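1. Quick one: sequence and predicted model below, then my questions.
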Amino acid sequence: MVLTLLKESVVFAWQALIANKLRTFLSLLGITIGIFAIITVFTIVDSLERNVRNSVQSLGDNVVFIMKWPWEFKEDSPWWKYMMRPMPVYKELAEVQRKTKGAEVAGFRIGASKTIKHNNNSIENAFVSGWSFDYGKIKAFDIVEGRYFREDEVEGGYNVAILGSKVVEALFPNGENAIGKTIKVSGRNCKVIGLFKKEGESLLGNTMDNQVVLPYVFVKRLVDVDSENSNAFIAVKAKPGVTNEQLKDELRGVMRSIRGLKPLADDNFALNENNLLSKAFEPMFDVIGIAGAIIGGFSILVGGFGIANIMFVSVRERTNLIGIQKSLGAKNYFILAQF
């Protein structure tokens, strides 16, 4: 009985779909648009969040950055005091490493925009980054060809460089192997010893694709290390079992001691961590999520009205057939099953 009812209902419904192809198409289109809109919006939001997380993770896990400026600004932040702060300097790195018991490793980095050339090819305002040897143990990166710096190359200020993928494409456009070649950084010769793996675009703009990395001691000859434009910072990675909060508390005392601050004096440095960047993007993702829900809901609402209207028309035009079926003893559930 049930199977017979189901079979007849399917046959009636299929005949109605075939007889009204345009109506069938519009119904399916309304459902498809609603579902597609929801999936698209939430896919975009998830992709953005994943991009930000990957960008943040590339800075290093369980890492605290000693910088001049904080990453988190509030309405009452005394930015005029921040402007008077000194930039972190390389000589502070050794004391941070020696005095911070909760630190596994610490590294120093500076950077500035410079002109890079190879033969007739050049890049204006390329980002040249100077690393201490141990910064390579903190920063997440992959080298696809060549190698990383040796410690003696960093300490001796050797003119060796590691290039990002976009830098390689611009300087060696014909697919020439860059390893062992000489490039000019602000007019100084540098030998290419490594190539970074291509990372793709990043919302934070910290991709290695556009960078030229050299030993810090070499880069300091090209960059004013005390300048705001040097982008200098000290990165400190916590030991296993040490939380970022514990590391920050210890670093605050260490840095105040290094800079000789009096007990009542304000900190003249900022301690930043990766989760501050993630938090900064949370309001944007919340807004995008709400907008996505509204767009998806509106799409479903419009599609629902369209489908409801089509269903109403379908019932109205089959009123005579329904009356005949009921006169022959058809039950309501049999008639409903056809729609």
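-> That came through, no problem.

2. Quick check: residue 264 vs residue 256, distance?
-> 11 Å (C-beta to C-beta, to the nearest Å). Glycine gets a C-beta too; all of them are placed from N, C-alpha and C.

3. right, I mislabeled it, should have said residue 34
-> 58 Å.

4. which of the two has more neighbours?
-> For residue 34 versus residue 256, neighbours defined as other C-beta atoms under 10 Å are more numerous around residue 34 (21 against 17).

5. Past the helix or strand harbouring that one, which element shows up next along the chain?
-> In the assignment (DSSP states H and E), residue 34 maps to helix 21-57. Of the helices and strands lying after helix 21-57 in sequence (DSSP H and E), the nearest is strand 63-67.

6. who's in contact with that next one?
-> For strand 63-67, contacts defined as C-beta atoms under 8 Å, 6 or more residues apart in numbering pick out 59, 88, 92, 96, 138, 232-238, 244, 247-248, 251, 255, 269-274.

7. mind listing what it pairs with, with the direction of each?
-> Here strand 63-67 is paired, per DSSP bridges, with strand 233-238 (antiparallel), strand 270-273 (antiparallel).

8. is it true that residue 81 touches residue 265?
-> No. With contacts defined as C-beta atoms under 8 Å, residue 81 does not count as touching residue 265, sitting 11.1 Å away.

9. Just give me the neighbour total for the closest residue to residue 219 other than its chain neighbours.
-> With sequence-adjacent residues excluded and distances taken as C-beta to C-beta, 6 or more residues apart in numbering, residue 219 is closest to residue 130, at 2.8 Å. Other residues near residue 130 come to 29 when the count uses other C-beta under 10 Å.

10. any idea which helix or strand carries residue 130?
-> strand 121-131.

11. Rounded mean pLDDT for that strand, please.
-> For strand 121-131, mean pLDDT rounds to 90.

12. Any chance you could list what contacts it?
-> With C-beta under 8 Å, 6+ apart, strand 121-131 has contacts from 107-117, 139, 149, 154, 167, 170-173, 185-186, 210-220, 222-223.

13. Run the chain-centre distance for the helix or strand that that strand is followed by.
-> For strand 121-131, the following helix or strand on the C-terminal side (DSSP H and E) is strand 143-146. With C-alpha atoms, centre = their mean, to the nearest Å as the basis, strand 143-146 stands 23 Å off its chain's centre.

14. Provide the strand pairings for the longest strand seen in the chain, with the direction of each partner.
-> For the chain, the longest strand by residue count, based on DSSP state E, is strand 103-118. According to DSSP bridges, strand 103-118 forms sheet pairs with strand 121-131 (antiparallel), strand 182-185 (antiparallel), strand 233-238 (antiparallel).

15. Go through stretch 64-82 and flag the buried ones.
-> Buried residues in stretch 64-82, counting neighbours by 16 or more other C-beta atoms under 10 Å, are found at 64, 65, 66, 67, 68, 69, 70, 71.

16. what's the closest non-adjacent residue to the third one?
-> By the measure of C-beta to C-beta, 6+ apart, the closest residue to residue 66 outside its immediate chain neighbours is residue 234, 4.1 Å from it.

17. Please name the residues that touch the one you found.
-> 65, 66, 67, 88, 92, 93, 96, 106, 107, 108.

18. any idea how far the helix or strand encompassing residue 162 is from the chain center?
-> Using DSSP H and E, residue 162 falls within strand 160-163. Relative to its parent chain, strand 160-163 has a centroid offset of 25 Å by C-alpha atoms, centre = their mean.

19. swap in stretch 162-175?
-> Taking mean C-alpha positions (C-alpha atoms, centre = their mean), stretch 162-175 and its chain are 23 Å apart.

20. got it, and stretch 120-130?
-> Centroid separation between stretch 120-130 and its chain, computed with C-alpha atoms, centre = their mean, is 24 Å.

21. Would you mark the buried spots in that stretch?
-> Within stretch 120-130, the residues scored as buried using 16+ other C-beta under 10 Å are 123, 126, 127, 128, 129, 130.
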